[in-house]
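In: Would you be able to build a 3D model of this:
(one chain, ligands or ions: 1)
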Amino acid sequence: MEEQLKNVFASYNGEKNELIPVLQDVQEKIGYLPDEAMCAVARFVRVPESKVFGVATFYARFHLKPRGKHIVRLCCGTACHVRGASKVADKVKGLLKISVGETTPDMKYTYEEVACIGACGLAPVMTIDAKTFGKLDPDKTKKIIEAFGETPEGGQS
Ligand code: FES
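Out: Take a look at the predicted model:
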């Protein structure tokens, strides 16, 4: 990790106003923001560690825990909600055996719920990585997730 941080810091001057871009670059390199990395960033841009932790927890784009290879995001906006997103959510959580915001122990999937992603005509909608899947029901959801690879053993089918 030290080497990755060094590489990121090399493109900056270590000034306070660089905090967010530095955090973004660190996250891009490491995949998330481990505590040690945030402390190193605090020293580099010369702000208190509490400020770095505050910023990292405030913005949804920052992740403080390692994330899975595939990011499953289910829209829970109004249109998706009224068209059955909660049944889709139950299916995803049952298959992956995780709750919202969690990652499977094999680091294959992270499950997140998000607000409207602007594809209401396709409700209910989920994305897996950069792909969008619409007009979901529990069966269709199961097929889609299984097509991405093995689901955890004992995951509800
Ligand atoms: S509410 Fe789900 S895409 Fe708009």
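
In: Run through the residues of the chain sitting next to the ligand.
Out: Residues of the chain found near the ligand (Cβ under 6 Å from any ligand atom) are 75, 77-80, 116-120, 123, 125. To be clear about C-beta, it is placed using only N, CA and C from the backbone, and glycine gets the same treatment.

In: Kindly give a single PyMOL line that selects the buried subset of the residues you listed.
Out: To isolate the buried members of the residues of the chain next to the ligand in PyMOL, using 16 or more other Cβ atoms under 10 Å:
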select buried, resi 75+77+79+80+117+119+120+123+125
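
In: Which of the residues of the chain next to the ligand sits closest to the ligand?
Out: Taking Cβ to the nearest ligand atom as the measure, the ligand lies nearest residue 77 of the residues of the chain next to the ligand, at 2.5 Å.

In: can I assume the closest one is in contact with residue 122?
Out: No - counting by Cβ atoms under 8 Å, residue 77 stays clear of residue 122, with 11.6 Å between them.

In: host element of residue 67?
Out: Taking DSSP states H and E as the definition, one finds residue 67 inside no helix or strand.

In: That should have said residue 111, apologies.
Out: strand 109-114.

In: Buried residues, that strand. List them.
Out: 109-113.

In: helices or strands up against it?
Out: Helices and strands touching strand 109-114, by 3 or more Cβ pairs under 8 Å, 6 or more residues apart in numbering; DSSP states H and E, are strand 70-75, helix 85-96.

In: Quick check: neighbours of the shortest one in the sheet, parallel or antiparallel?
Out: The sheet places strand 70-75 alongside strand 109-114 (parallel), strand 126-128 (antiparallel), with pairing taken from DSSP bridges.
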